[in-house]
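**Student:** I'd like to go over a predicted model; first the sequence, then the structure.
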Amino acid sequence: MAASTQGQVITCKAAVAWDANKPLVIEDVQVAPPQAGEVRIKILSTALCHTDYYTWSGKDPEGLFPCILGHEAAGIVESVGEGVTDLQPGDHVIPCYQAECKDCKMCKSGKTNLCGKVRAATGVGLMMNDRKSRFSVNGKPIYHFMGTSTFSQYTVVHDVSVAKINPQAPLDKVCLLGCGVSTGLGAVWNTAKVEAGSVVAVFGLGTVGLAVAEGAKSAGASRIIGIDIDSKKFDVAKNFGVTEFVNPKDHDKPIQQVIVDLTDGGVDYSFECIGNVSIMRAALECCHKGWGTSVIVGVAASGQEIATRPFQLVTGRVWKGTAFGGFKSRSQVPWLVEKYMNKEIKVDEYITHNMNLSDINKAFDLLHEGGCLRCVLAMEH
Ligand SMILES: NC(=O)C1=CN([C@@H]2O[C@H](COP(=O)(O)OP(=O)(O)OC[C@H]3O[C@@H](n4cnc5c(N)ncnc54)[C@H](O)[C@@H]3O)[C@@H](O)[C@H]2O)C=CC1
Ligand SMILES: N[C@@H](CCC(=O)N[C@@H](CSC=O)C(=O)NCC(=O)O)C(=O)O
Ligand SMILES: [Zn+2]
Ligand SMILES: [Zn+2]
């Protein structure tokens, strides 16, 4: 039997982003033991999300370097710190960038899934307990990212950020429930609360947009219009519930006008799943006067701002946003895993590529190719 690593520094492989836009480097990283209220997790599978690329590109105002990126993963608890009672070594878990302490003002409000307990620390790449990092390379501290840092074979996270899941669930699949798929489904079910018969527009048909389409289909939407500048996305999007396709490049008119004309005055709900502020405006303005609701899901670069004529809102359109689809992480990620196990939601269908951790730079390149939805990395190689 392998010797216990509890209380020891673990040296393992991790992909370190030493600087913005510079290729990640697979390093031997020292991972300190978890302190009070912390959990060390052996990450077995992690996927890449567009947000990892966004921070790596240097456009994230919270981006700090050097750091270990990654936030869509699954693994097994290796050890827990003092005071952690609801998790133990061997538990199968999904680390969540949106914490749920169940005790702070925000958790208790019943109005949001955002938790205030550790956000100040995770936003500056550190752990709450001592405001330090648990990662280092030859003594040099490496920042955490989103409170998860899953591009490492071992990571340390706050206990309030760990969802314990069914041990039967395949970790190389359900890792996707740590971000993109959950976000898209939740944007529809929790944030917009789309009703049966609704007409829906989805801008951007990556994993997040396709999960929006899947959520809208399950909510009984009558039309789901997918909008993307890459027409190759359209075939695959049909499998996720998209009923009609529009490529803005095929039209001279502004895309919001195209959608309004197609839908007798506008859609009931629209979702921006790109991170482009001009498209956020278009998504709002293609909504029906009097009631149309637009949800911003995409993350826009530092310095970008949204704009529209206030008249758009005066005349009844509603502009909203969503983080992690409004899901409460520790309470609801295990429920999403069960829905997957019961074949009530898709997950496997979003995985277009599988690679090893050592191939992570190739996996980042794939994010820009139309054919890649999610690439899952096996962490042991
Ligand atoms: N709010 C939240 O909690 C979350 C937000 N995100 C954000 O959601 C966005 C989507 O993420 P992924 O699906 O992983 O990205 P992705 O890059 O896989 O998909 C984006 C899609 O948008 C299309 N696109 C790009 N420019 C376009 C334009 N001008 N008009 C129409 N289509 C366009 C692309 O062809 C692509 O199909 C990103 O901004 C990401 O950072 C991701 C997860 C959670
Ligand atoms: N640091 C970024 C914040 C980007 C952002 O909005 N992140 C989303 C999750 S994106 C996942 O892929 C989110 O949930 N935000 C809420 C939060 O508490 O961070 C920036 O400043 O742009
Ligand atoms: Zn993500
Ligand atoms: Zn909280």
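**Tutor:** Cool, got the structure. For clarity, every value in this text was computed on a predicted model and none was experimentally measured. Ligands and ions are numbered 1, 2, ... in the order given.

**Student:** and the stretch 101-250 of the chain, which residues reach ligand 1?
**Tutor:** Contacts of the stretch 101-250 of the chain with ligand 1, taken as Cβ under 6 Å from any ligand atom, map to 179-180, 183, 203-209, 227-230, 233, 248. For glycine as for every other residue, the C-beta is placed from the backbone atoms N, C-alpha and C.

**Student:** Quickly list what Val246 is bridged to.
**Tutor:** According to DSSP bridges, the partner residues bridging Val246 are Ile227.

**Student:** Please give the element, helix or strand, for Val202.
**Tutor:** strand 199-203 (DSSP states H and E).

**Student:** right, I mislabeled it, should have said Ile41
**Tutor:** Under the criterion DSSP H and E, the helix or strand holding Ile41 is strand 38-47.

**Student:** Give me the helices and strands touching that strand, please.
**Tutor:** With contacts taken as 3 or more Cβ pairs under 8 Å, 6 or more residues apart in numbering; DSSP states H and E, strand 38-47 sits against strand 72-80, strand 92-95, strand 154-158, helix 171-174, strand 374-378.

**Student:** Taking the stretch 251-381 of the chain, what residue is nearest to ligand 2?
**Tutor:** With Cβ to the nearest ligand atom as the measure, the residue in the stretch 251-381 of the chain that lies nearest ligand 2 is Ala323; the distance is 3.1 Å.

**Student:** which parts of the stretch 101-250 of the chain sit against ligand 2?
**Tutor:** Contacts of the stretch 101-250 of the chain with ligand 2, taken as Cβ under 6 Å from any ligand atom, map to Leu114, Arg119, Cys179.

**Student:** got those residues as JSON lines, with neighbour count and distance to Lys59 columns?
**Tutor:** Formatted as JSON lines, those follow (neighbours: other Cβ atoms under 10 Å; distance: Cβ to Cβ, whole Å):
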{"residue": "Leu114", "neighbour count": "17", "distance to Lys59": "22"}
{"residue": "Arg119", "neighbour count": "17", "distance to Lys59": "20"}
{"residue": "Cys179", "neighbour count": "30", "distance to Lys59": "18"}
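
**Student:** re the thing from before, now the helices and strands packed on strand 38-47 as TSV including distance to ligand 3, mean neighbour count and mean pLDDT?
**Tutor:** Supplementary listing: those in TSV, determined by distance: least, Cβ to the ion, whole Å; neighbours: other Cβ atoms under 10 Å; pLDDT from 0 to 100:
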stretch	distance to ligand 3	mean neighbour count	mean pLDDT
strand 72-80	6	24	98
strand 92-95	12	27	98
strand 154-158	15	27	98
helix 171-174	15	21	98
strand 374-378	10	23	98
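
**Student:** Can you get me a residue count around whichever residue of the chain sits closest to ligand 1?
**Tutor:** Proximity of the chain to ligand 1 (Cβ to the nearest ligand atom) peaks at Gly206, 2.0 Å away. Neighbourhood size, Gly206 [other Cβ atoms under 10 Å]: 23.
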